[in-house]
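S.K.: just to be clear, the model below is a prediction. Sequence and coordinates:
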Amino acid sequence: MTMRTPLAQVRGLGSAKEGTDHFWMQRLTAIANIVLTPVLVYSIVTHVGQDHQTVKSFLGSPFIAILMMLFILSGVIHMRLGMQVIIEDYVHSEWQKITLLIANTLFAILIGMTSIFAILKLSFGA
């Protein structure tokens with residue numbers, strides 16, 4: 001006896017078995033963002049009005065640079081996962097869904113790589 005509906009049997013569709021991975025990754029990045037956001041806020045608030053060189057040396061310190069890169073990585077992954085859920089839920093045309101999912105991933109990569117490049121440039125003094 002099978003639990004599948006006749007339509008699912010005909011189409012060969014079933015569970016993708018990926019829902020829990022997506023769920024846990026989104027929760028993990030949310031927790032990371034809760035922890036890392038105060039570091040970003042602290043660094044902005046404490047350096048308001050400071051000269052460029054002071055801010056550059058602060059952001060270029062290894063510990064702060066690593067924290068900022070972790071914040072960017074966590075934020076970009078969380079953003080991509082959240083937008084993926086929205087696209088999958090609300091876009092019903094298959095070609096539009098695929099196009100938007102590809103654009104979402106490419107946008108997340110672009111934002112992440114650009115931001116991390118900027119931090120590395122500050123860290124290594126280029």
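M.R.: All right, it came through fine. Numbering: from 1, shown residues only.
S.K.: C-alpha only now, for contacts and for neighbours.
M.R.: Noted.
S.K.: the closest residue to Ile72 other than its chain neighbours - how many residues pack around it?
M.R.: In this structure, Ile72 finds its nearest non-sequential neighbour in Gly112, 6.4 Å apart by Cα to Cα, 6 or more residues apart in numbering. Using other Cα atoms under 10 Å, Gly112 is surrounded by 18 other residues.
S.K.: Gly112: helix or strand, and which one exactly?
M.R.: helix 94-124 (DSSP states H and E).
S.K.: so Val55 touches His47, yeah?
M.R.: Yes - Val55 is in contact with His47 according to Cα atoms under 8 Å; the separation is 6.5 Å.
S.K.: who's more crowded, these two?
M.R.: Legend: neighbour count by other Cα under 10 Å for Val55 and His47, higher for Val55 (17 against 13).
S.K.: what's near enough to touch the more buried one?
M.R.: His47 (Cα atoms under 8 Å, 6 or more residues apart in numbering).
S.K.: now it, what's its secondary structure?
M.R.: Secondary structure assignment for Val55 (DSSP: H, G, I helix; E, B strand; the rest coil): helix.
S.K.: from Ser74, how far out is it?
M.R.: Relative to Ser74, Val55 is positioned 23 Å away (Cα to Cα, to the nearest Å).
S.K.: next one: Ile109
M.R.: Per Cα to Cα, Ile109 is found 12 Å from Ser74.
S.K.: neighbour count: the two, which is higher?
M.R.: Applying other Cα under 10 Å to Ile109 and Ser74 shows that Ser74 carries more neighbours, namely 21 against 16.
S.K.: can you give me the pLDDT of that one?
M.R.: pLDDT recorded at Ser74 is 97.
S.K.: and the one 4 residues further on, by the same measure?
M.R.: What the model reports as pLDDT for His78 is 97.
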